[in-house]
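# Got a sequence here, can you model it:
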Amino acid sequence: MVGRLGADDSASVGLVSTSLWLFWGLCSAAMVGFSVQVAHRIGAADYSGARNVLRQGISGALLFGILMGVIGISIAWELPGWLGGTEAVNQKASVYFLVFVAALPVLTLNYLGSAVLRASGNMKIAGALNVMMCALDVVFNYFLIFPTGHMDVGGLQIMIPGAGLGVLGAALGTVCAEMVTAGAVMWWACRRTPELALWGKYATGEPNGGRKFLPTGNVLRNALKVSAPMTLEHGVICGAQIMVTVIVAPLGVMAIAANSFAVTAEALCYMPGYGIADAATTLVGQSYGAKRKDLARQFGYLTVGLGMVVMSVMGVIMWIGAPWVMELLSPVEDIQLLGMSALRIEAWAEPMFAASIVAYGVMVGVGDTIIPAVMNFSSIWLVRLPIAALLAPVMGLNGVWVAMCIELCFRGGIFLWRLLSGSWLKHGLKIQEADDLK
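Below is the predicted model:
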């Protein structure tokens, strides 16, 4: 929809998109430390302990989301200039970024609720609610981005109301969808999930009531052991992605917009991989909590193999459908051609990208995050960035995506090596007794 507003508006969104990924990813990574503990507790049939972790996770989500929101708001007006944006896009980019970071406390609760639902084994509701968020995002965006207009239906002119807010409407629409979904996700986790319910019929007789919302020492330490490496890793990786934006920015508005749209389109390929990675984290985490390392290893191999097959198929589809996808995202021919070329380069990396995504989810399931985090950010800083910096002046945007393709293949190789070595099972989080939560 933003693509229909023109190249400048598209570039204003694309300019700050990697910075938003940084903030979103930090909030998401911070919640994994709580959800992994929930999976381990449920695997050990310690449901009271799982509820206590959830209570403390709610407090942690709100505090961390507020902190990140304050930081984001403080840099919103300067950020586009730091990224090399022009006056034509900087103001709208700042507004777009500001709206999103102001809503980070709500989004962090959404991340927590979805993660603990998956940790409990309820992938369907977590997935369905986030699909609902995408649908609401489309609806809210349509009415907020475009002005009031008329639609011809069977010869009848029907008036379609609209706020005509443009880029601001795009941000507000997504935030509204996130708020609705966060409320639904937390309600289902805290009331409708038997293993986690904090009130209602499933919570009958639950000891300690609401006295455990403040994080206790053991829960917080375990959360930090899992989340701190992931948070640092995501910060470093997104820092590298922001550097990629800095490399792309001198190539012009068309390249910025095409890069942003190509990244969006690529999600059609890699989001199934992340879904399988979430399932892997739950299956491996519950098996590990039940002290079934053999089962955890089998689930690890199975999910990584499945992820590679699925994303290989999606890569073929992306290579074939790249022209039509880019036509859908932007009416500007130069943007379409640049984005199509980028997507066809990236399609070759999808199998190994899947290996890195799902293997990472497997290792997170046991609480092994330090070494995988180092592998992730070392790969992008030591392989992708130097190659992109060398190729961009010669090959333009294609050079940036060739560098990405090479790096993702390398990253998938090292994750497969570690998965097969079995060393990740030796570095998992220590399973504690129920009393450790008190």
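# pLDDT weak spots in this protein?
Confidence mapping of the chain against pLDDT under 70 gives the ranges 203-211, 431-438.
# Now with 50, please.
Applying pLDDT under 50 to the chain flags the ranges 209-210, 433-438.
# farthest residue from the center of it?
Gly155 (43.3 Å; C-alpha atoms, centre = their mean).
# Need the phi and psi values for that one.
phi 90, psi -10 (degrees, to the nearest 10).
# which residues does the closest residue to Leu198 other than its chain neighbours contact?
Distances taken as C-beta to C-beta, 6 or more residues apart in numbering place Cys190 nearest to Leu198, at 4.6 Å, with adjacent residues excluded. The C-beta positions use only the backbone N, C-alpha and C, and glycine is treated the same way. Residues near Cys190 by C-beta atoms under 8 Å, 6 or more residues apart in numbering: 54, 196-199.
# Just the buried residues out of those, in PyMOL syntax.
The PyMOL selection below is limited to those of these classed as buried (16 or more other C-beta atoms under 10 Å):
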select buried, resi 54+196+197+198
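# and the gap between Ile145 and Gly164?
8 Å (C-beta to C-beta, to the nearest Å).
# which residue ranges form the strands in the stretch 101-250 of the chain?
147-153, 156-163 (DSSP state E, counting those that start in this stretch).
# Does the first one pack against any helices or strands, and if so which?
In this structure, strand 147-153 packs against strand 156-163, with contacts taken as 3 or more C-beta pairs under 8 Å, 6 or more residues apart in numbering; DSSP states H and E.
# ok, and what's touching the strand it packs on?
142-152, 169.
# go with 6 Å
Strand 156-163 has contacts (C-beta atoms under 6 Å, 6 or more residues apart in numbering) with 143-144, 146-151, 169.
# go on, stretch 93-105?
Residues outside stretch 93-105 that contact it (C-beta under 6 Å, 6+ apart) are 12-13, 15-16, 20, 23, 27, 62, 65-66, 68-69, 72-73, 76-77, 80, 85, 167-168, 171, 175.
# rerun at 7 Å
With C-beta atoms under 7 Å, 6 or more residues apart in numbering as the contact definition, stretch 93-105 has outside contacts at 12-13, 15-16, 19-20, 23, 27, 62, 65-66, 68-69, 72-73, 76-77, 79-80, 85, 167-168, 170-172, 175, 178.
# In terms of residue numbering, what are the domains of the chain?
1-225, 252-438 (automatic domain parsing).
# Export those to TSV and append columns for distance to Ala240.
Converted to TSV, these look like this (distance: least, C-beta to C-beta, whole Å):
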stretch	distance to Ala240
domain 1-225	9
domain 252-438	5
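# Mind checking which of Ile145 and Gly164 has more residues around it?
Just comparing Ile145 and Gly164: by other C-beta atoms under 10 Å the higher neighbour count belongs to Ile145, 24 against 14.
# Pull the contacting residues for the residue nearest to the more buried one when sequence neighbours are not counted.
Among residues not flanking Ile145 along the chain, Gly169 sits closest, at 4.1 Å (C-beta to C-beta, 6+ apart). Contacts of Gly169 were listed using C-beta under 7 Å, 6+ apart, and they are 141, 144-145, 163.
# before we move on, what about Val36?
Counted by C-beta under 7 Å, 6+ apart, Val36 has contacts 226, 285, 364, 367, 429.
# Tell me the one of the contacts of Cys190 nearest Tyr111?
Nearest to Tyr111 among those, counting by C-beta to C-beta, is Leu54 at 13.2 Å.
# Confirm for me that that closest one is in contact with Val116.
Yes. With contacts counted by C-beta atoms under 7 Å, Leu54 reaches Val116, the gap being 5.7 Å.
# can you pull the buried residues of the strand or helix carrying Arg411?
Using DSSP states H and E, Arg411 maps to helix 397-421. Of the residues in helix 397-421, 397-412, 414-416, 418-419 count as buried by neighbour count, 16+ other C-beta under 10 Å.
# Kindly report the same for stretch 71-91.
72, 76, 79-80, 83, 85-86, 89-90.
# So which of the residues you listed belong to helices?
In this view, these that belong to helices under DSSP state H are 72, 79-80, 89-90.
# Turn those residues into TSV, columns for distance to Pro250.
As requested, those are exported to TSV (distance: C-beta to C-beta, whole Å):
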residue	distance to Pro250
Gly72	25
Leu79	17
Pro80	15
Val89	14
Asn90	15
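# All set now, cheers.
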